[in-house]
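*Asks:* show me how the following folds:
(chains A, B, C and D)
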4 protein chains.
Amino acid sequence: MEYQKILDTIKAETLNKTSTGKVATYIPELAKIDPNKLGMHLYCINSGHYGFGDENERFSIQSISKVFSLTLAMSVLNDELFDRVDVEPSGDPFNSLIQLEYEHGIPRNPLINAGALVIADVLVSILENPKQKFLEFIHKITGNTSITINPKVFESEKKYSYRNASLLNLMKSFGNIKNDIETILDLYIYQCSVEMSCKELATAFMIYANSGKTLSDDVQIISSRKVKRINAIMQTCGFYDEAGEFSFRVGLPGKSGVGGGIAAIHPGYYAVTAWSPPLNPKGNSELGMYALERLTTLTGFSIF
Amino acid sequence: MEYQKILDTIKAETLNKTSTGKVATYIPELAKIDPNKLGMHLYCINSGHYGFGDENERFSIQSISKVFSLTLAMSVLNDELFDRVDVEPSGDPFNSLIQLEYEHGIPRNPLINAGALVIADVLVSILENPKQKFLEFIHKITGNTSITINPKVFESEKKYSYRNASLLNLMKSFGNIKNDIETILDLYIYQCSVEMSCKELATAFMIYANSGKTLSDDVQIISSRKVKRINAIMQTCGFYDEAGEFSFRVGLPGKSGVGGGIAAIHPGYYAVTAWSPPLNPKGNSELGMYALERLTTLTGFSIF
Amino acid sequence: MEYQKILDTIKAETLNKTSTGKVATYIPELAKIDPNKLGMHLYCINSGHYGFGDENERFSIQSISKVFSLTLAMSVLNDELFDRVDVEPSGDPFNSLIQLEYEHGIPRNPLINAGALVIADVLVSILENPKQKFLEFIHKITGNTSITINPKVFESEKKYSYRNASLLNLMKSFGNIKNDIETILDLYIYQCSVEMSCKELATAFMIYANSGKTLSDDVQIISSRKVKRINAIMQTCGFYDEAGEFSFRVGLPGKSGVGGGIAAIHPGYYAVTAWSPPLNPKGNSELGMYALERLTTLTGFSIF
Amino acid sequence: MEYQKILDTIKAETLNKTSTGKVATYIPELAKIDPNKLGMHLYCINSGHYGFGDENERFSIQSISKVFSLTLAMSVLNDELFDRVDVEPSGDPFNSLIQLEYEHGIPRNPLINAGALVIADVLVSILENPKQKFLEFIHKITGNTSITINPKVFESEKKYSYRNASLLNLMKSFGNIKNDIETILDLYIYQCSVEMSCKELATAFMIYANSGKTLSDDVQIISSRKVKRINAIMQTCGFYDEAGEFSFRVGLPGKSGVGGGIAAIHPGYYAVTAWSPPLNPKGNSELGMYALERLTTLTGFSIF
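*Replies:* As a prediction, the model looks like this:
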């Protein structure tokens, strides 16, 4: 198949499109990103790498890191993990707090902030040096040990973590947080501060397309059964209150971050990433979603 | 593949399981169903029909009918339909009314009651004799003209439709209902009163597994692109506030009904149905979900 | 005391104030009211009548009627009435439906729409000809048999009653509505369509200031104990989600209507009414609230 | 009037009543209080002190302290205070967090936890040594310098303050908290840990009944206009989601605490307090509410 041609078409179409989105501005380090950055990378199981644009420039992965921390936790724990965090879509953005209160401190799923904070708490409990272990996990699935955090983003996010501290305290009042709140916040902000390029991110996401194994060296990182579950969670919960829209338009499991990145997979076929900083009102990369929609439209196949 | 063996295993396992669920009792006609009824039917694109138990006994399809009415509306209309109903999961059971009020009368998706009522309103607007047309649609996709409603269920539901009337009036106050409320309720209750067997339902759902075409006579009922969208909606919204759980455990797009039926599909491979009247606390067939979970586990493959 | 002087001051101050409010426009009959209408009437137990402006022009009492229907129901029933409607403030405007669903069809209080509809249902159950009886009740407490409804308002409101029909259907689904929905709506809209002047309304409200008795002929309309309870309900629930603000600024029990009227009382001292059609964003007469605030400020005494 | 006789009757009636309430148990110091403690004190402007039972035994005033901190803040600041906290009843217990999120970090009123935390933040900003100043304020209005906190309660509450920390962090994320969260929590818990007897509390509340002046030495603590506003807030917001019920049954502005105390006032007449540790499901002293209801019933007069 002529994947590179399809990507070239997508590039042309996307460059042609005027974004009405807005770059995230809650911390200066994100606010100063060039809004015109645009990259895409497709990593196919059968035919390797394709891409265009700023596909090799690193950006802040932010919430995409939640998929990695979930994978790390699930690689150690079994279904008991889901006593502490559910797997249902959350419905509304503003629901996070009321749902958490109404549902006695059990977050809706591990890909909203409250759920990812529970996962961070779990990692603090089960790992010796969780920040280092988290980075090592990414090194292992990408085969690239140069990936690390952006210390300015890390420091900056620390100053704007009141809402996450609010969620942690509320869950702690219900007994669903076991460790010190500062320690958990520190790990959570650390994981969000990791920087990766589209190509690196697509390589990392290959384990979700390839039944839990890396493609380059065929190492089983997590069981096939658990990967299916992670994919199912990404499908229903990966895009906040736009999960349905993404499923409807793109038809692939995936996860977005406020840095403008999106990673998605077609199980058995490929991992794909896109990066464009301006976000739509729901907080997802506007052109990134468009590029992925064009991919499944032009190739004519999605999981549905 | 030895599908019949797998189904036999599922039958044995399911019969062995004690259900803690409860048969729907809000109308007498549903309450008096034998809770021990159990049927399953698998209809494969490549290898035809498999099944067990009460797979040929008809039951009330109830909310599964929402998929058919959505398909009928989408076969006539394009994306303008989604100005009146969104495609996002709804989050909570109790949310239906607050979301509807907060979101100015636009239902979350076409598979919750509010959304299905908007679809019924659309059908009243675009079809001459919508009740007859709805039945003809089912006849067409199943090749079976004997399928019809249960008049007792129809009459009985009419007496318990206050909540649906409440939803309709609320949406009408926001201008999102165009026709007479009684007419819409009449159509909606009619579609829910249709009775089909597991085998008939699996045959009907084949269009969603087969890119919009019937398998027996290869008639394109709805475009491949629209079928993908319906499947995406089933994936994220088909099981009320258990959509994530179903996706997580079963990994297939599907739809349940309070009559105890579940229909699901694996695009490109098969349609599958299960029937067991006792419902879990979320309103989905307890053993039906279990049987489908066993299917994707024993076959080792799902859309993820 | 020089009440007329105080009222003259209030008149001057109020005429001087630019209203930013908006006349209710959901039905044409209310929309075409002259926004510059302004009237006020003070009826003191010890010293009789004072007033200014359009105090003798009748306007649509709308929700102020809820106090009369509650009084009529309480004059027949005792505390069992409060099994069907609570006496707590409702908090939010948008809460009405979610609270009603969350609290299983029991409205927060008799002065929000849902609660007033339960009271209307009660009146349909206990009175032979409730519309006539309602009017007779007003005739009795005002000593004025010329008071009646505006038939155009009545007909017009009938066409915009979807939201109230939604509330009734929801409550009926919980078993908290006993009679036919159309009959209840008919009575409810009828009571809202009554027209009274500031002077007539102040005369009617004298029973709440005068321990349940009319002042002119000393007839005990309702017991002193029940009047205290009605006053308590007006104090905490009379101004939707601005009840606290009214209590804070004015300090009197009262009730407003979207026709721009407000009636309030100081138990043991006086009844007072104001009319100015433009409403603030919370749906209460902007200048009416201001005039009453000036009254308690200039007289230097309120219930607090 | 024979107030002591009325109080003796209330004592007999209350002792006769079996409480179904439960003593607060979230900290051990409250849990071990004798549930049979019962005291009441009435302090009349014209005729002095009356009381019975454990009226001189000190107990934890808990949320009753919110009235004092509000008074202290209002004695320094004017209406600008109400830009940061509203004066509306909150509706539901579970609303606190959703309302706070929906209303962008502005609490409903100063007598719910979120609002009292904003007031504590204000006191940290405007006072040099707020803990000491708070205690001095109580000493001043009671004329009793022996009143102080229970250090065990103070330490114990510090360990269970996750929910309040959650509220503070959420409000800080909206910019409505100016000082360090630990400092605010420290002051808030300190004020809740103060212990006073029924007699001392009634003496303190006399300023609200006496237009802002102490009765013994006629010192104007706060202006008459501001006292009316505090009383209005107590009336609509003093009993969480039972404010309407208290207003309905008792008809006086007041405030309760989880220590089992209730303080209320009749402006121009008296201050009254009751203490009985078992709480009803809404968190208010069951027998305390009963005793106050009997008081306004037997004396036949309330503010309504």
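
*Asks:* ignoring the adjacent residues along the chain, who's closest to the residue nearest in space to the middle of chain A?
*Replies:* Relative to the mean C-alpha position of chain A, the nearest C-alpha, by Cα atoms, centre = their mean, is the one of A:Ile64, at 1.7 Å. Taking Cβ to Cβ, 6 or more residues apart in numbering or on different chains as the measure, A:Ile64 lies nearest to A:Gly257, with 4.3 Å between them; neighbours along the chain are not counted. Quick note: C-beta positions are derived from backbone N, CA and C, even for glycine.

*Asks:* got the contact list for that neighbour?
*Replies:* Listed by Cβ atoms under 8 Å, 6 or more residues apart in numbering or on different chains, the contact set of A:Gly257 reads A:60-65, A:192.

*Asks:* you'd agree the residue nearest to the centre of chain A is up against A:Ser256?
*Replies:* Yes: if you go by Cβ atoms under 8 Å, A:Ile64 and A:Ser256 touch, sitting 7.0 Å apart.

*Asks:* overlap in contacts of these two?
*Replies:* Taking Cβ under 8 Å, 6+ apart as the contact rule, the neighbours common to A:Ile64 and A:Ser256 are A:Ile262.

*Asks:* pretty sure A:Asp241 is touching A:Asn284, no?
*Replies:* No: under the criterion of Cβ under 8 Å, A:Asp241 makes no contact with A:Asn284, lying 9.9 Å away.

*Asks:* can you give the distance from the helix or strand of chain A with the lowest mean pLDDT to the centre of its chain?
*Replies:* Lowest by mean pLDDT, DSSP states H and E among the helices and strands of chain A is helix A:95-102, with a mean of 70. For helix A:95-102, the separation from the chain centroid amounts to 22 Å (computed by Cα atoms, centre = their mean, to the nearest Å).

*Asks:* and for stretch A:46-65?
*Replies:* Taking mean C-alpha positions (Cα atoms, centre = their mean), stretch A:46-65 and its chain are 12 Å apart.

*Asks:* what mean pLDDT does that stretch have?
*Replies:* Model confidence over stretch A:46-65 averages 97 on the pLDDT scale.

*Asks:* list the buried residues in that stretch.
*Replies:* A:50-55, A:58-65 (16 or more other Cβ atoms under 10 Å in any protein chain shown).

*Asks:* narrow the residues you listed to those in helices?
*Replies:* A:Ser65 (DSSP state H).

*Asks:* turn the buried residues of stretch A:46-65 into a markdown table, including distance to C:Leu185.
*Replies:* Output for the buried residues of stretch A:46-65, formatted as a markdown table (distance: Cβ to Cβ, whole Å):
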| residue | distance to C:Leu185 |
| --- | --- |
| A:Tyr50 | 64 |
| A:Gly51 | 63 |
| A:Phe52 | 62 |
| A:Gly53 | 61 |
| A:Asp54 | 62 |
| A:Glu55 | 63 |
| A:Arg58 | 63 |
| A:Phe59 | 58 |
| A:Ser60 | 56 |
| A:Ile61 | 56 |
| A:Gln62 | 52 |
| A:Ser63 | 49 |
| A:Ile64 | 53 |
| A:Ser65 | 55 |
